[in-house]
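>>> Below is the sequence, then the predicted model.
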Amino acid sequence: MTSTAASSRERALILSADAVRDSGRTLIELSHSLHAEPETAMREFRSAAKIARVAEDAGFDVTTGVADLPTALVATYGTGDLVIALCAEYDALPGIGHACGHNVNGAASVGAALGLAAVADLIGITVKLIGTPAEEDIGGKALLLEAGVFDDVAAAFMAHAAGEDSIGGSSLAIGAWDVTYRGKPAHAALAPWEGINALDALTLARTAVGLLRQQLPPGTMVHDIVFGAGDAVNVIPDTARARYELRARTAEDLAGARTRVRACLEAAALATGAELEIKPHGADFDDLRQDGFLTDAYARAIRSLGREPVDRRGSVMASTDMGNVSRRLPALHPTIGYETEGAHHHTAPFAEYGASPGADRAVLDAGIALAHVGVILATNPQQRERCLQLLAHR
C-alpha cells in the first residue's frame, strides 16, 4: 500500500469511528427504545419505523416494506461500486422480549452504517442498511435474499449480542414444519371406536421422534411444541397441531434428518388412520460460514477498542438466517459481549441486560468495529476486487 493510500485508510478509520461516537446518544436511545417496546416476528412496525427515522435523518434513501415484507426496509447512502450491507435485526421473542439482544444487534448495525456513510465518498462505497425482520421465526434475511435484496451486495456484516466477544463461529442449519393430524370425532364413552384420535397420532409421532433422537448424528436435534389437540375431554380429538424444528451441522445433514423425522410422522398417521399435513414454516436457515478476511479484520478492530474476542472457529452457535447470506457472499457475524451474569440467550434474565451500560457500550464498540471492517475491505485493492469478482459471478 502506498503512503497516500495508507493515509486515506487511516483518515477513513478515524472519521468512521468519530461518526459512530458522535451518534452515540441516538444509537443508545434507539437500542433502549427497541428494548422497551419489543415486537415479535412480522409485527415489528414501530421498530422498523424507528430505524428508518434514524437513517432518514442521516441522509439515507429509505424504502420500507421491501420484498413484500411490511416490516423490512432498505436504506442506502453513497454511489460507490462496492456495496457493503449492514444487517439490522429487531424482532423479539414472544413473552420474553429481547432475550436474544436484537435491540443491540440492530442499533449496532445502524451505527456501523452511519460510520461508513461518513466516509462513503472517500473510500468509494455504497452503504446498504437492510432491516431484516423475523430472524427468530420465518427468517427475514433468507426471504430478502431470495427476493433479490442482496443481489448488488459485495459483503454483508452484523454483530450479535452475547455474553462474550467472539469471532468466527458457525451455526446450525435449521428448518421447521407445521404439522397437523386430522382424525374423526366421536363420543369418548358411548362410541370411541367410531372416532380416529388425532391426539393419539401426535403422541405416537412424539414417541417415535423421541426414540429416533438416540440415533441422530452429533449436532442434529429435533424440538417440538404442541399447539392444541381437541377441545373437550369427552370427545375423541379430531385435530392435533404441532410445530417441529430440526437442526443439523449443515444444510445437507438437515435434509437427511428431515427424511427420518418425516418417516416418524407418517408412521403415526398410518398406525392411527389419521390424515397428516406437513407445511414448511418459514425459510430454512443454512449453516453460517464466516469470511476469513472479514473475521480477521474485525478481530483487529475490536481489539483496538480494548476487547479480546474468543476465537470460535470450528465451534457451532445456535442458528441464524445470516447463514443463508454467508452461503451467497462474504459475510461477517461475530458476537459482541456484555455482562449478563451467566444468563443465556432466549431467557428472560438475558433480556434484562439488554439496556445495561455494558449493552450500550457493545452497541458503540460493535458499530465502530464493523465500520472499520468496511473501511479495511474497501481500501484493500485485492480484497475489494475479490468481493467484486464474487459478486460478478453470482
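Thanks, I have the structure now. None of the values given here were measured: they were computed from a predicted structure.
>>> Compute the number of surrounding residues for Leu270.
Leu270: 12 surrounding residues under other Cβ atoms under 10 Å. Glycine gets a C-beta too; all of them are placed from N, C-alpha and C.
>>> what comes into contact with the lowest-mean-pLDDT helix or strand in the chain?
Confidence across the helices and strands of the chain bottoms out at helix 3-22, with a mean of 92, counting by mean pLDDT, DSSP states H and E. Here helix 3-22 makes contact (Cβ atoms under 8 Å, 6 or more residues apart in numbering) with 1, 27, 111-112, 114-119, 122-123, 364, 367-368, 371-372, 374-376, 378-379.
>>> 6 Å instead, please
Contacts with helix 3-22, where a contact means Cβ atoms under 6 Å, 6 or more residues apart in numbering, come from 111, 114-115, 118-119, 122-123, 367-368, 371-372, 375, 379.
>>> next helix or strand past it?
Next helix or strand after helix 3-22 toward the C-terminus (DSSP states H and E): helix 24-36.
>>> just the angle between that following helix and helix 3-22, please?
50 degrees (axes from the mean of the first three to the mean of the last three Cα atoms, to 10 degrees).
>>> helices or strands next to the helix or strand following helix 24-36 in the packing?
Moving toward the C-terminus from helix 24-36, the next helix or strand (DSSP H and E) is helix 45-57. Other helices and strands packing on helix 45-57, by 3 or more Cβ pairs under 6 Å, 6 or more residues apart in numbering; DSSP states H and E, are helix 24-36, strand 61-64, strand 73-77, strand 125-131.
>>> Quick check: which of the ones you listed is buried the most?
Most buried of the helices and strands packed on helix 45-57, by mean neighbour count (mean count of other Cβ atoms under 10 Å): strand 125-131, with a mean of 26.
>>> what lines up beside that one in the sheet?
If you go by DSSP bridges, strand 125-131 pairs up with strand 73-77 (antiparallel), strand 82-88 (parallel).
>>> Dump the last one to CSV, keeping only the CA atoms.
Read that as strand 82-88. Written as CSV, here are the backbone C-alpha positions of strand 82-88 (Å, rounded to 0.1, in the frame of the first residue of the first chain):
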residue,chain,number,x,y,z
LEU,A,82,-18.6,-1.7,-3.7
VAL,A,83,-21.9,-2.2,-1.9
ILE,A,84,-21.5,-3.1,1.8
ALA,A,85,-24.6,-4.2,3.6
LEU,A,86,-25.2,-3.9,7.4
CYS,A,87,-28.0,-6.3,8.5
ALA,A,88,-30.1,-4.8,11.3
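>>> For that strand, what does the pLDDT average out to?
Averaging pLDDT along strand 82-88 gives 98.
>>> Please apply the same query to the first one.
Strand 73-77 carries an average pLDDT of 98.
>>> Kindly report the same for stretch 42-62.
pLDDT averaged over stretch 42-62 gives 98.
>>> Check which residues of it are buried.
By 16 or more other Cβ atoms under 10 Å, the buried positions in stretch 42-62 come out as Met42, Glu44, Ser47, Ala48, Lys50, Ile51, Ala52, Val54, Ala55, Ala58, Phe60, Val62.
>>> what do you get for stretch 181-189?
In stretch 181-189, counting by 16+ other Cβ under 10 Å, buried: Tyr181, Arg182, Gly183, Pro185, Ala186, Ala188.
>>> Strands - which of those land there?
Tyr181, Arg182 (DSSP state E).
>>> just the buried residues of stretch 181-189 now: which is nearest Gly78?
Tyr181 (53.3 Å; Cβ to Cβ).
>>> In this structure the closest one contacts Thr203, no?
No. Using Cβ atoms under 6 Å, Tyr181 is not in contact with Thr203, being 9.8 Å away.
>>> Check the gap between Val261 and Tyr338 for me.
Counting by Cβ to Cβ, to the nearest Å, the separation of Val261 from Tyr338 is 37 Å.
>>> Identify the farthest-apart pair in the buried residues of stretch 42-62.
Checking the buried residues of stretch 42-62 with Cβ to Cβ, the most distant pair is Met42 and Ala58, at 26.0 Å.
>>> would a markdown table of the strands paired with strand 125-131 with distance to Asp224 be doable?
Converted to a markdown table, the strands paired with strand 125-131 look like this (distance: least, Cβ to Cβ, whole Å):
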| stretch | distance to Asp224 |
| --- | --- |
| strand 73-77 | 33 |
| strand 82-88 | 29 |
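>>> Can you show me the CA trace of stretch 317-327 as PDB?
The C-alpha coordinates for stretch 317-327 follow below in PDB (Å, rounded to 0.1, in the frame of the first residue of the first chain):
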ATOM      1  CA  MET A 317     -23.600 -21.500  17.800                       C
ATOM      2  CA  ALA A 318     -27.300 -21.900  17.600                       C
ATOM      3  CA  SER A 319     -28.900 -20.900  14.300                       C
ATOM      4  CA  THR A 320     -29.200 -17.700  12.200                       C
ATOM      5  CA  ASP A 321     -30.600 -16.700   8.800                       C
ATOM      6  CA  MET A 322     -27.300 -14.900   8.300                       C
ATOM      7  CA  GLY A 323     -26.200 -18.400   7.400                       C
ATOM      8  CA  ASN A 324     -28.100 -18.100   4.100                       C
ATOM      9  CA  VAL A 325     -26.400 -14.800   3.300                       C
ATOM     10  CA  SER A 326     -23.000 -16.300   4.100                       C
ATOM     11  CA  ARG A 327     -23.600 -19.100   1.500                       C
END
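>>> Going by residue numbers, what spans are strands in the stretch 101-250 of the chain?
125-131, 155-157, 160-162, 166-167, 173-182, 221-229, 239-248 (DSSP state E, counting those that start in this stretch).
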